[in-house]
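S.K.: fold the following for me, if possible:
(one chain, ligands or ions: 1)
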Amino acid sequence: MSQNITDKADAAEARTQETRGFMQQVRVAARRKYTPEEKVRIVLEGFRREVAVRAILLTHYHFDHIRDVATIGLSTAYSPEPIEVCAPQVVLEALAEHLINGKLYPNFQQWPPDSPSLRFRTLLPHKFCQVIGYEVLPLPVNHKVPTVGYQVKDRQGKSLFYTGDTFRGLSRCW
Ligand SMILES: [Zn+2]
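M.R.: Reported below is the predicted structural model:
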């Protein structure tokens, strides 16, 4: 095996170990159990809109991942601030062309006219960005259509990775 191939294999193995470590951290963090009272409180906060949705990250344009954007746009009409819909350009184009297109649903980027419900924002793969105070890194993952997962980090440095739909080879996305 040449040195170059050995280096690449070592780098790949390091990335795999790093991903395993990260996944272990996620598993530990996700083990937290909520009491029934906490679960009820979280659901009620959502119903009462005490915790407003300010931004949405979309991974890809399959219908089960984008359909709720339309009803969210409808239910938040006349809110003072638009919800930021963040996604790769191809996803935003599919939304604008096929769902919130003025036929199936209003074009929420322009409706209601005085305060549109949604504002689209294109995110670029491998480019860090800030979304409502969180550091977000979109990373391509393996799926049938162009798809990204999101590494999301808060100001305290806590982070999660949301994969969306994916398949084998997830560790290569870093
Ligand atoms: Zn999918």
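S.K.: distance between the host helix or strand of G73 and the chain's centre?
M.R.: Per DSSP states H and E, G73 falls inside helix 63-75. Relative to the chain's own centre, helix 63-75 is displaced by 14 Å; criterion: C-alpha atoms, centre = their mean, to the nearest Å.
S.K.: what's next to it, contact-wise?
M.R.: Counting by C-beta atoms under 8 Å, 6 or more residues apart in numbering, helix 63-75 makes contact with 53, 56, 58-59, 83, 85, 91, 94-95, 99-100, 104-106, 108, 117-118, 164-165, all of which sit outside it. All C-beta spots, glycine's among them, are computed from the backbone N, C-alpha and C.
S.K.: for stretch 136-146, same thing?
M.R.: If you take C-beta under 8 Å, 6+ apart as the criterion, stretch 136-146 is touched by 57, 59-62, 86, 88, 90-91, 123-130, 147-153, 163-170, 172-174.
S.K.: please redo it, this time with the cut-off set to 7 Å
M.R.: Outside stretch 136-146, the residues within contact range by C-beta atoms under 7 Å, 6 or more residues apart in numbering are 57, 60-62, 88, 90, 123, 125-126, 128-129, 147-152, 163-170, 173-174.
S.K.: same check, this time on stretch 45-61
M.R.: When contacts are taken as C-beta under 7 Å, 6+ apart, the neighbours of stretch 45-61 outside the stretch itself are 65-66, 69, 72, 83-87, 90-91, 94, 131-132, 136, 143, 145-150, 164-165.
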